[in-house]
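Chemist: Need the 3D shape of this:
(one chain, ligands or ions: 1)
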Amino acid sequence: MSNSITIKKKINSFNKKIEVSGDKSLSIRWILFSSLANGKSESKNLLKSEDVLAAINAIKKLGIKSEFKKDKCIIYGRGIDGYKYKKNITINAKNSGTLGRLILGLLINAENKIKIIGDKSLSKRDFKRVTKPLEKFGASFKLKNKKFLPLEIQGSKFLKPISYFEKKGSAQCKSSIIFAGLRANGTTFIKAKKSRNHTEILCRYLNLPIKLKSKKKYDYIEIKKAKKIKPLNYNIPSDISSSAFFIVLTLLSKNSQMTIKNVNINPSRTGVIDILNMMGSKITFSNIKKYKGEKIADIKIKSVNNFKSINCPTNLNSSAIDEFLIIFLIAARAKGISKFKDLSELNHKESPRLDWGAKILNSMGVKTIKTNNSIQIFGNPNLNIKKKIIIKNYLKDHRVFMTSVIAALTFGGKWKIYDKDSINSSFPNFLKLIKNLNENN
Ligand code: S3P
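Modeler: Next comes the predicted model:
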């Protein structure tokens, strides 16, 4: 079967209610917390993607059983000290930075060396950002070229707490240290630039010894050694990062509307909505509910004819960090020059995404000025692509693939986009949902 898709036609108008798959960040965190709980935890709507299945396999290697029953996933936790650290364990984090980094925090008490490997994309990403602070707890590491996977972790019995300043706005770094803090004797202090806060919310829901103080720019977290974790039954809400592709598809399509049901709208994730609304959209939330500390709603979107350019406030960067590629497509349609700054983290994702954002836009005929950490996009409200565009060799970054599909369906042109299996890491039914929109009109 071919691993590329060809798109030659814009999508027709649609008016649909859809549901996208479960939130990836919450799915992986549910697995890790449940693996430490005493007894049986159940989830519904767990994202069944490669990143999440890699997390299930990782805990299996550590002696934690799980099973899928219809729409449920069940994990049989063996308590906070229940991991079986056999000799020569290798954990394959595949494409998942979240799994690879978060789990290291839990492995700092490993009695034997554990090897962490990943796919080609993950093997190009910086792991020193987590191993450096984790070393201070007392664990030791060996990394390829001092920074990359494969790495080896050797835990310690004598774990001391640390004080850590997280400056990048990385929830993966912050969460890894929170997990390690649950194992160390004493109080771990974290000052963290704002980033998604699902780990903290789950710690609080589980009554773990965490104290949180939120200031304008930074979060202050204190975490103590946990003695016991109760089982965590959880209905995973839908993923706003997956929803973002359908939000932008609707905004850019003619005379269309969409409702996306039951999406996690945690304010540390909704930067995409703020940015798109600043650019002239009117995206609204309805049926807003609280669920175990998270916020959930239906998202309503309508096509927009005239977009404004934006000078994107950098304080929205972390809450929209996974959505910039798709936001850039709105900037391509907007009147004027849009500016996005302070985005060096984008080049640390599954692919160098700032570079790929510029590449996709340039191949569409959109002018950009890019530096290491910023991009200016010269929008064209009348852009209508006629030429052939090929997208390949992008390290199978799922978000590059999905952004290209949305661009093809809304700007025209004849696109050939390689590596469609990239969607399996975060959103396996993405193309099926697109097909349903196209067919039932
Ligand atoms: C994630 C954090 C973000 C994000 C990633 C998921 C998480 O990464 O890009 O897709 O679940 O904690 P960083 O922490 O590296 O910013």
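Chemist: Let me see the contact set for the closest residue to Lys349 other than its chain neighbours.
Modeler: In space, and not counting its chain neighbours, Lys349 is closest to Asp397: 7.1 Å by C-beta to C-beta, 6 or more residues apart in numbering. (C-beta placed from N, C-alpha, C; glycine too.) By C-beta atoms under 8 Å, 6 or more residues apart in numbering, the residues touching Asp397 are Ser121, Lys349, Glu350, Ser351, Arg353, Trp356, Ser422.
Chemist: Which one of the residues you listed is nearest to the ligand?
Modeler: Lys349 (6.0 Å; C-beta to the nearest ligand atom).
Chemist: Who are the contact partners of that closest one?
Modeler: Counted by C-beta under 8 Å, 6+ apart, Lys349 has contacts Gly97, Asp322, Asp397, Arg399.
Chemist: Nearest to Thr199, out of the contacts of Asp397: which one, please.
Modeler: The closest of these to Thr199 turns out to be Lys349 (C-beta to C-beta; 19.2 Å).
Chemist: Quick check on that closest one: phi, psi?
Modeler: Main-chain dihedrals, Lys349, degrees, to the nearest 10: phi -90, psi -160.
Chemist: do Ile375 as well
Modeler: With angles defined as degrees, to the nearest 10, Ile375 sits at phi -150, psi 140.
Chemist: Give the bridge partners for it, please.
Modeler: Beta-bridge partners recorded for Ile375 (DSSP bridges): Phe340, Lys370.
Chemist: Does it touch Ser344 like I think?
Modeler: No: if you go by C-beta atoms under 8 Å, Ile375 and Ser344 don't touch, sitting 11.3 Å apart.
Chemist: Between those two, which contacts overlap?
Modeler: Leu354.
Chemist: Can you pick out the residue with more neighbours from these two?
Modeler: Using other C-beta atoms under 10 Å, the more surrounded residue of Ile375 and Ser344 is Ile375, with 23 against 13.
Chemist: What separation do you get for the more buried one and Pro267?
Modeler: Noted for Ile375: a distance of 25 Å to Pro267, by C-beta to C-beta, to the nearest Å.
Chemist: Quick one: classify Trp30 as helix, strand or coil.
Modeler: At Trp30 the chain is in helix, as set by DSSP: H, G, I helix; E, B strand; the rest coil.
Chemist: number of nearby residues for it?
Modeler: Neighbour tally, Trp30, other C-beta under 10 Å: 27.
Chemist: contacting residues around it?
Modeler: If you count contacts by C-beta under 8 Å, 6+ apart, then Trp30 has Ser41, Ser43, Leu46, Leu202, Leu232, Tyr234, Ile236 around it.
Chemist: In JSON lines: the residues you listed, plus distance to Lys146.
Modeler: Shown next, in JSON lines, are these (distance: C-beta to C-beta, whole Å):
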{"residue": "Ser41", "distance to Lys146": "37"}
{"residue": "Ser43", "distance to Lys146": "37"}
{"residue": "Leu46", "distance to Lys146": "35"}
{"residue": "Leu202", "distance to Lys146": "32"}
{"residue": "Leu232", "distance to Lys146": "36"}
{"residue": "Tyr234", "distance to Lys146": "37"}
{"residue": "Ile236", "distance to Lys146": "36"}
